[in-house]
Structures are given as C-alpha cells and as structure tokens.
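Peer 1: A predicted structure for the sequence below; I have some questions about it.
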Protein chains: 2
Amino acid sequence: MAPPLKIGIAGLGTVGAGVVRMLARRAEAIAARVGRPVEVVAVSARDRARPRDCDLEGMRWYDDAVELARDPDIDVFVELIGGPDGIAKAAVEAAIAAGHSVATANKALLAHHGVELAAAAEAKGVSIHFEAAVAGGIPVIKTLREALLGNEITRVSGILNGTCNYILTRMQEEGLSFDTCLDQAQKLGYAEADPTFDVDGFDTAHKLALLAALAFGVKPDPEAIHIEGIRSITLADIEAADELGYRIKLLGVAARTGDQVELRVHPTMVPKHWPIAQVSGVTNAVAIDGDAVALTLVGPGAGGDATASAVVADLCDAAAGTGGAPFGWKASSLQPAEKAAIRRHEGGYYIRLAAVDRPGTAAAIARHMAEQNISLESIMQHRRGRPHGGERAESAEDPAPVVLITYATNEHAVRRAIEAIEIDGVIASPPQVIRIEKD
Amino acid sequence: MAPPLKIGIAGLGTVGAGVVRMLARRAEAIAARVGRPVEVVAVSARDRARPRDCDLEGMRWYDDAVELARDPDIDVFVELIGGPDGIAKAAVEAAIAAGHSVATANKALLAHHGVELAAAAEAKGVSIHFEAAVAGGIPVIKTLREALLGNEITRVSGILNGTCNYILTRMQEEGLSFDTCLDQAQKLGYAEADPTFDVDGFDTAHKLALLAALAFGVKPDPEAIHIEGIRSITLADIEAADELGYRIKLLGVAARTGDQVELRVHPTMVPKHWPIAQVSGVTNAVAIDGDAVALTLVGPGAGGDATASAVVADLCDAAAGTGGAPFGWKASSLQPAEKAAIRRHEGGYYIRLAAVDRPGTAAAIARHMAEQNISLESIMQHRRGRPHGGERAESAEDPAPVVLITYATNEHAVRRAIEAIEIDGVIASPPQVIRIEKD
C-alpha cells in the first residue's frame, strides 16, 4: 500500500472534531478504497485546553494556523476556520505556497478570493477541494465536476440556506409570521443573533457563486449576483402561493440566458410538485439541468457530521489523486461574471397589490398591465383568515389584496406597469413581486 | 497534454450513438477537465448498414464485439450489448483478458457475474465502471463509492424501475387499473411486450444487487433478494394509501439489520412527505442513509441521453485514472449475500381484508392480531367510489374492505395472524399485505 496521505487540520470546532473522528472510525474502509491511509498528523485551534470530542493523541499541535499550513510534513491542509479574509486566507495562501493541497468548507473565502487562490494552486500543481463549502453533505461539487461532464449545463438552482428554508417552512406549515419563525430559528440555533447573512441572501449568494463557476466557467463574484432576502415575505404571500399551487423558497439560480449567465438569489415561487418544493426545514436541495440529464439532490446543508462527511470525501479524492483546476476550468480561462440585469429577467410573476376599495381600481390595474403587453394568467382577490388561524388575522384591516399571476414577460415591463399603478394612486402600500420558476 | 484515452464501443443503439455524439460535442471540455482527450477509435454493432445518428468517420469497424474487445489499440471497452450472458459476457471477459478497462450499462451481466468479472479485472489491474447500469443518469454509483466514503451506510432504497413507477403514478393520479396503465406504458414504449422483467421486480433486483455490493460489501446475487412485483396492487390499495398519508412505490431496499443485510424488492408504502414519495412517472430516485448524511437523488432512470451521460462520466473517470475495485471492496473480500428471511422483517404493515359482512367479523380480526402481539395504529372501513370515478367502481360489489395499519411488528406475526383469520372464514378473498417504510 502507498504511504499515508498526511493531513493538517486548522479549526477544531464541530466540523473539525467530526473529521478527526470520522477518519479514525472509517480508517480501514478508506485505506482499502483509495489505496492508502488518510491520517491526521497535525492540528491547530485557538484554545488548546478546550475539551474536544476527538482523540488528538500523537498529532502535532500548532497555536498558529499559518504555521500549521507551512508544516513540510503534511500533504493536505484542511481549513475550517471560516471568514473571507484574515487568518483563514493567510493560512490557505501559506499552504498553497508550501505546495500543499487544500480542503476547505469556507464559502466566503472562495466566493471572494477563489480566482486568485485557484491560480496560485494551479501554479503550484496542487488542488483546492471545497465540497463542504456548498450544501453541506450533498455532493453537488463532485456531481457538477465529474458526474455531469458529458452535459452542457443550462441551469443550477437550489435551496442553499437552511435557516431561510426553516423559516419559510414554519411560516407555511404553522401560519406564523416571519418574525416569529426567525425568533424560533434563533432559539434552536438555526439562525445567528444577527441573521442578516442568512435571511438577506448573502450566504446563498456565496454558494451560488461557486456553483456558477463550476457549471458555467464564470469567476466566483458575489458582486455579480442580484440578491434579495426573505424578510419581505408575508403570510399573505405564503397563503396565496399555496392556493395557486406553489411554494415560496429562497433559491439561488444560475442560468444561461443567451450568451449571458444570469445569477440571482431571491424568494421564488416553485410549483408544488417539483421535488425542490417538497424540501422542508433546514434541508438543502440542488437542481441541476443539463442537456442530457436533470437531477435533484436533497440532503443536509449544514451540521457537523454532514459537513465532516464532505471534507472526508474531499480528502479521499486527494488521496486517490483526483484533482485538477479547483473550479474545473483553468483560473485564467474563467470569464468575468456580469451583474445580472434583473430588469431583463424573463418569466412569470406573482404580484400582490393592496388595492384601495373604490370603483375602477381593478380596471386601472388591468389596463396598466395591458399597456406593458403583460398577459395575466389569473387575477384573484385573496381570501383572508383561513380557519386554522395562527397569526393570520394580522392583515384583517388592510386594503383588499389583489393577486396577479402573469404569463411569461420581462421584469422591466412588470416594474413599469407597477410604477404606473402607483402613480394612479389605486394601491395603498408598496406591491409585492415574486418571480416564478416553471418547467 | 497526455495522450488520448482510446475507446472501443460495442453496441450502437440509442445509448451507443448517444455516447459517440456526446464525446464529440463535449470533446474540448472533457479534455480540459480530465487532462487528456477521450476518443472513440473503434466500434461494433450487428448491422453495419443501418443508418445511425452519429458520425463514425475514422473509427475502426468490427462485426464481432469480442474481436473489438481484443483490439490492442483501445484503452477502454464500452459494452452496450446487454443480457446476462452470451456475447456481452464473452466480450467483457475478452476485454479484461486483453488488459482493457470496461464501462458497461449491463446490470444483468454484473448482477449475475459481477464477482468473477471483478476478480478478473483486479487480477489484470483494470477497472469496471458501471454508473449507467443503475438508475440511468443519477450518479448513485459515484456517490456511494466516493462521496459517502466517510459514512457507514445503513440503508439504500430506491425507485429503480421507471416502468413500475409510471404505472403506479398513473393509477394514483388517474384512478386507472393496473392493466390499463400497463397497456398505456406499452403503447408509449415504457414497457416491453412481455413486461415480466419490469413489473415483477427483476430489473429492480438486478440494480439493487449492485447497490448492495457497493454499500455493504456483499456479493451481487439476485437469488439473495426477496422479490415481489406490482401486479397485485389494486386501486383500492392506492386509494387507501392516499387516505392514510402514503404513496405506494416499488422499492428496492438494502438495509443492514444487525449483522445481516436485508435485500428486498416489493411494493412499499412510503409517507407522502418523503422526497421519494413525490417522484412520479418514469423518474428514478435513490435514498441513501449513512451515519453522517442522508441523501436523496432524483433523476432520469433510463433514456438514451441520460444513460449516455453516465457512460461518458465513467469514461472521464477512466481518463482521470479513477479506478479501484469495481464494487469498492476487493472481490475476494465480498461477503456472500444471505437470502433475506422476509418473515423476520420488522416494520409496520398495511393489511387489506375483504371482510364478510356478518356480526363478529371485526372482533375476530382484532383478536387474531392481538394474539400475535400486533398493535394496530388504525383500522378503517375503506370508503368506495370517490367522486372523480375513473375505473373506481370496479370493487362495488366486493365484500367490505377493512384496512389495518399496524405499529412495528414482524412479518412472521402478521402472516400467522392472517392464517388464523383465513381459517376463521371471515374474509372472502386472499388478503393484501404491503410493508411500510418510515423514518
């Protein structure tokens, strides 16, 4: 058997300790499968004294992750520190400079600095593995890189943030408001005290940037992504979607449209019968459309064990010699991602308007839609106060909500129509607009 | 760039022609990703004159697949002939003997002769790739072999036969009988003129045998699998399942139970909210439960393009040097698969009885269940003739159907209870028994 692949791990939180345990527990199976043992020989963390649920016996200890990264007697440096800059970036750069391959769960680092790190890795002939950075335990990186190589990818879309999906699922199933569900998510540890990064879509955008690089060869760049979070979603929207046969999900979508790649993160109405619509709670899902195969992968998007499983898979690939350009395409050949011109987006739209209750309102709304050549699939007065209540009484004294579903149109037309309706003064508050994804 | 990987393809039907086209169309991307071109240099099929939707210019032609397999100037032999024996087996054996790796979509060949072929391949230091043999375009082999290597797998279950899932979906959605749906499947080309291989579960069993080898290290052996098909499923069962919150699917299940691996193929009630329950039509799905990650993969289980995509992925892996023991474990270390003692199966049961309409019937049924220590979760008189009709009137003059759902028990107890009920003479026809899978 070949000599062991020697691993250094920086960061011994839930994931890091999980990797140490998993490599020990599965040592025999892994060695048999990849042809050599995979052994942790050195570790680093902030506090050496902290009790940890893993056996560090015989491993070299470093207080400084950068020093660990430079250890000449490791083959692969595992970065589980987190953050787009600082020590995580310095350590990964040091590891690459020292000729070590890297495995990381750090989506922020790669979303912001992926191109330069990939170029450095290619120059040194080492690889960067990041299965754990996107959708936790779901092997979406491997699937895009390897399993679908015969396919031209046309679209990748996914539920990539468990916090948002938990909140939207609770709202839908229990009839609770966004604020109540966010509060519960925080109490359960699914959301941070400052939930911005999750609920405003930035976490999803980081992951989408990495998927888009693999699928379409565009540079990872969060700035190029149109991002909307889920704070604006109300129970009225959730209920109207349900009646119309949809679920509302925060999706990250990367799609080829003509010679552009459209990158967007926003609440999306998806048909109930889509596999992705059924994904509830903190679970993640990714749908990949290729010209030969359309796949949906469903699984845990976070959690120590699931993330450790992805890191271990990366280490097994490193041991087996699987590598190549980190994003599947040479860093120098990655194209700049152009900021999605969201006003050029084409598709169906859900529009909820708080219409004032006076004669001519409906006619005015319909006329402004027609002026923009928007055809309406349905127009409905949204019923209020479903029997099982919850917090659903909240909108009882609002103006009458009118819900429109459009046939495929473009966002520019929708925004122009809404501007005209607002000028008419027939709606009482800003409209809600949610894009629809369909077959 | 390294020299090309040279491919010989035997069998130029829909899949074979699809592979030739896909390798040509994606030549540049594949070469960039795997570091060398992948080129078809030789082909073989029965009828040279037949028009084909692919360009065979410059490829050597063989009338005999075995001769192609021996061509010293190929690296990988692709077997797309089919069948467990005959020319397919002879050609794969010849390829291995000649020192060529093999990629095949032939589940029957590997289910019956996988161990000896794997041993031969290992002895020659070549690999056998078979992503296309299970669940078509879904990368379940790669996921089990590579992505979940950190996991101890506890269960693999799946909808592995599109024909059966099409029939069950049509029955459920349209209220049509099994015979009507089979007839439609045949007209659409989803089922063969002789549908036995699909509807009686043998195709699912072949695929399950391969998944079980990868997941649990047991020898592929269809004889070790308990197999029941879907011919016995009636609309009454489909409707009762729906009312109780389930869907009926033909599942292949490989599960570790103690120190045994239980292998079974049978109609199964799965909770409606499971991702696998939502999979409709000819689509396939595989659920993999590991100790760290539970995944569900959904995608096309058949079709020329999807199967070609899987073959091309295998060829890319071969080009990248990914190989190893065909079933992930050395052929000599694979354990014999023991025939599942289905009477020891533990779980919940759905039991539908055609109870004769006389006093004491319900009491007698309940008593016999209690005598076997079977607790009932529910007992219901199944309603008939839902409004939207279809063929649902068919059972109108049957005795009153009684549906029981048991809590977890074992099959031996269920069978004994039913025997006792039959001896009592309180049911008018043989009972229907369907196993339930739950979280």
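Peer 2: Cool, got the structure.
Peer 1: Pull the number of nearby residues for the residue nearest to A:Asp289 when sequence neighbours are not counted.
Peer 2: For A:Asp289, ignoring the flanking residues on the chain, the nearest one in space by CB to CB, 6 or more residues apart in numbering or on different chains is A:Arg155 at 4.3 Å. In short, each C-beta sits where N, CA and C put it, glycine included. Using other CB atoms under 10 Å in any protein chain shown, A:Arg155 has 19 other residues around it.
Peer 1: A:Arg155 reaches A:Val261, doesn't it?
Peer 2: No. Using CB atoms under 8 Å, A:Arg155 is not in contact with A:Val261; the gap is 9.9 Å.
Peer 1: Look up how far B:Asp289 lies from the closest residue to chain B within the stretch 301-439 of chain A.
Peer 2: Residue nearest to chain B within the stretch 301-439 of chain A: A:Val312 (3.3 Å; CB to the nearest CB). Per CB to CB, to the nearest Å, A:Val312 is found 17 Å from B:Asp289.
Peer 1: Of those two, give the one with the bigger neighbour count.
Peer 2: Ranked by neighbour count (other CB under 10 Å), A:Val312 and B:Asp289 place A:Val312 first, with 30 against 19.
Peer 1: Does the residue lying closest to that one once chain neighbours are set aside lie in a helix or a strand, and which?
Peer 2: Spatial nearest neighbour of A:Val312, excluding adjacent residues (CB to CB, 6+ apart): B:Gly150 at 3.3 Å. Assigned by DSSP states H and E, B:Gly150 belongs to neither a helix nor a strand.
Peer 1: contacting residues around B:Gly150?
Peer 2: Neighbour list for B:Gly150: A:22-23, A:26, A:30, A:308-309, A:312-313, A:316, B:292 [criterion: CB atoms under 8 Å, 6 or more residues apart in numbering or on different chains].
Peer 1: between the residues you listed, which is nearest B:His368?
Peer 2: Comparing these against B:His368 with CB to CB places B:Ala292 closest, at 42.8 Å.
Peer 1: Compute the number of surrounding residues for the closest one.
Peer 2: Neighbours around B:Ala292, by other CB under 10 Å: 24.
Peer 1: ok, back up a step: dihedrals phi and psi, the residue nearest to A:Val312?
Peer 2: The phi/psi pair for B:Gly150 (degrees, to the nearest 10) reads phi -80, psi -10.
Peer 1: so where do the helices sit in the stretch 301-439 of chain A?
Peer 2: Listed in chain order, the helices of the stretch 301-439 of chain A (DSSP state H, counting those that start in this stretch) span A:304-320, A:361-371, A:411-424.
Peer 1: and the longest one, how far from the chain's centre?
Peer 2: Okay, so that is helix A:304-320. Chain-centre distance of helix A:304-320: 19 Å, with CA atoms, centre = their mean, to the nearest Å.
Peer 1: Now do stretch A:417-424: everything it contacts.
Peer 2: A:351, A:353, A:364-365, A:368-369, A:371-372, A:374, A:427, A:430-431, A:433.
Peer 1: Could you do stretch A:62-81 as well?
Peer 2: Residues outside stretch A:62-81 that contact it (CB under 8 Å, 6+ apart): A:5-13, A:15-16, A:19, A:41-44, A:48, A:60, A:87-88, A:90-92, A:94-95, A:97-98, A:100-106, A:109, A:311, A:315, A:318.
Peer 1: Show the low-confidence segments of chain A, by residue range.
Peer 2: Chain A contains residues with pLDDT under 70 at A:382-398.
Peer 1: again, only using 50
Peer 2: Residue ranges of chain A with pLDDT under 50: A:383-397.
Peer 1: and it, what are its domains?
Peer 2: Taking automatic domain parsing as the reference, chain A has its domains at A:5-133, A:140-300, A:346-436.
Peer 1: now the strands: where do they sit in the stretch 151-300 of chain A?
Peer 2: A:153-159, A:226-227, A:246-257, A:260-271, A:283-290, A:294-300 (DSSP state E, counting those that start in this stretch).
Peer 1: who in the stretch 151-300 of chain A is up against chain B?
Peer 2: Neighbours of chain B within the stretch 151-300 of chain A, by CB under 8 Å from any CB of the partner chain: A:151-152, A:273, A:275, A:278-280, A:290-300.
Peer 1: just the buried members of those?
Peer 2: A:151-152, A:275, A:278-280, A:290-300 (16 or more other CB atoms under 10 Å in any protein chain shown).
Peer 1: show me what contacts the closest residue to A:Arg52 other than its chain neighbours?
Peer 2: Nearest residue to A:Arg52, sequence neighbours excluded (CB to CB, 6+ apart): A:Ala17, at 5.2 Å. Residues near A:Ala17 by CB under 8 Å, 6+ apart: A:52-54, A:304.
Peer 1: and if you look at A:Ala133?
Peer 2: A:Ala133 neighbours (CB under 8 Å, 6+ apart): A:104-107, A:110, A:141, A:207, A:210.
Peer 1: picking that back up, please identify the deepest-packed of the helices of the stretch 301-439 of chain A.
Peer 2: helix A:304-320 (a mean of 27; mean count of other CB atoms under 10 Å in any protein chain shown).
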